[in-house]
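Peer 1: Make a model of this:
(one chain, ligands or ions: 1)
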Amino acid sequence: MTGLIERYRARLPVSADTPVVTLGEGSTPLLPAPRLGAELGVELYLKVEGANPTGSFKDRGMTLAVTKAVEEGSTAVICASTGNTSASAAAYAARAGLRCAVVVPEGRIALGKLAQAQASGARVVQIAGGFDEALTAVRALCERQPITLVNNLNPYRLEGQKTASFEICEELGDAPDWLCIPVGNGGNITAYWKGFEEALASGEARRPPALLACQARGAASLLRGPLDRPETVATAIRIGRPVRREEALDALSRSEGRAVALEDRQILDAFRRLPAAEGVFCEPASAASFAGLVQARADGTIPEGARVVCVLTGHGLKDPDTAIGEAERPRRCGATLAEIEQAVLAG
Ligand SMILES: *Cc1c(COP(=O)(O)O)cnc(C)c1O
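Peer 2: Coordinates of the predicted model:
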């Protein structure tokens, strides 16, 4: 099993002596989604980033951020997080033998992500505030202490994350017409754009994709400007002041793409449709990419027949509470064959 640093060594800032910290991330499925594609009149693919070792695309950036932290002699890493960055940082730090602290918003982090950070032995600090406050504090702390910041302000994160675009271009033989992607802090869309630009320069793509930046209306920082009280069921993108906002907007305009703001209801509909129609269970923030596609087809932004990739950023098991809340309740019955038969078959 090779990780993405081995796979893309020549295109990443590493040398032959760099001590690679990997959990076997990257090389995730680009899955055709024929049923949903036919419904929407597009050629649809899902980039299943939940297949990464800790269940989100954050692993692509973290393998390189932690590798470089080790190379530079660091012994501790820290991040602010809506959840997935903390799960990833904790796992890669454990693998490398570094100490790790994660600062998260109290009560607003999905259960699976918290469990992961704790399982890997990170010091988990929950603050009475949101992600934006957590990040401000963590940045200041890194000025005072010899701790490496592994939020996406860390440039190695984006370098690792850009490899997803390489994989897509390799599999499709070109960039797609549209790439639909959820946007929180703006790091991933910035990294994808960088990856596509590099693929263009090396001839692996003939033309760039248009980017569809998908946000929840309650956290639509790209369309509405920075927000003080972001709110959405999609906790991974519940960010009001994205650190990479200018770069995300720049990628959008250069790709001739668009930003969309989605109601939570639209996001939850997409969240239910993806596993029901295609068997791919992702978390609510990830489903925003598909919800954005649905809206962009309805208003004609994305034309019929377009080749579209939706980036499904994190695994559905990350947020079991939302999944169970959205699901039908299980049928209950006694343990006899007659009762079970009735429960299985009754309409
Ligand atoms: C981090 C994250 C995002 C947002 O990515 P940014 O780089 O912050 O824009 C989207 N979905 C999931 C599941 C995430 O963990």
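Peer 1: The ligand contacts on the stretch 1-150 of the chain?
Peer 2: 56, 58, 84 (Cβ under 6 Å from any ligand atom). Yep, even glycine has a C-beta here, placed from its N, CA and C like the rest.
Peer 1: which residues does the last one contact?
Peer 2: Read that as residue 84. Counting by Cβ atoms under 8 Å, 6 or more residues apart in numbering, residue 84 touches 54, 55, 56, 58, 113, 236, 313, 314, 318.
Peer 1: run the last query once more with 7 Å
Peer 2: Residue 84 is in contact with 56, 58, 113, 236, 314, 318, counting by Cβ atoms under 7 Å, 6 or more residues apart in numbering.
Peer 1: And residue 174, by the same measure?
Peer 2: 205, 206.
Peer 1: moving C-terminal of the helix or strand where residue 37 lies, what's the next helix or strand?
Peer 2: Following DSSP states H and E, the helix or strand that holds residue 37 is helix 34-40. Sequence-wise, the next helix or strand downstream of helix 34-40 (DSSP H and E) is strand 43-48.
Peer 1: Packing partners of that next one?
Peer 2: strand 30-32, helix 34-40, strand 307-312 (3 or more Cβ pairs under 7 Å, 6 or more residues apart in numbering; DSSP states H and E).
Peer 1: so which of those is the most packed in?
Peer 2: Highest mean neighbour count of the helices and strands packed on strand 43-48: strand 307-312, a mean of 28 (counted as mean count of other Cβ atoms under 10 Å).
Peer 1: Measure how that one sits relative to strand 43-48, angle-wise.
Peer 2: Strand 307-312 and strand 43-48 meet at an angle of 20 degrees, taking axes from the mean of the first three to the mean of the last three Cα atoms, to 10 degrees as the criterion.
Peer 1: Helices of the stretch 151-300 of the chain, start to end?
Peer 2: Per DSSP state H, counting those that start in this stretch, the stretch 151-300 of the chain carries helices over the ranges 155-161, 163-172, 187-201, 221-224, 245-254, 264-278, 284-298.
Peer 1: and residue 79, helix, strand or coil?
Peer 2: Secondary structure for residue 79, judged by DSSP: H, G, I helix; E, B strand; the rest coil, is strand.
Peer 1: Let me see the contact set for it.
Peer 2: Neighbouring residues of residue 79 by Cβ under 7 Å, 6+ apart: 85, 86, 89, 102, 138, 149, 150, 151.
Peer 1: can you do 8 Å?
Peer 2: Contact partners of residue 79, counting by Cβ under 8 Å, 6+ apart, are 85, 86, 89, 102, 103, 138, 149, 150, 151.
Peer 1: Just the element for the fourth one, please.
Peer 2: Using DSSP H and E, the element containing residue 102 is strand 99-105.
Peer 1: Any chance of TSV for the helices of the stretch 151-300 of the chain, columns mean pLDDT and mean neighbour count?
Peer 2: Putting the helices of the stretch 151-300 of the chain into TSV (pLDDT from 0 to 100; neighbours: other Cβ atoms under 10 Å) gives the following:
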stretch	mean pLDDT	mean neighbour count
helix 155-161	97	24
helix 163-172	98	22
helix 187-201	98	23
helix 221-224	96	18
helix 245-254	97	17
helix 264-278	98	19
helix 284-298	98	27
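Peer 1: Please name whichever of these is nearest to residue 331.
Peer 2: For residue 331, the closest of those is helix 264-278, at 17.8 Å, according to Cβ to Cβ.
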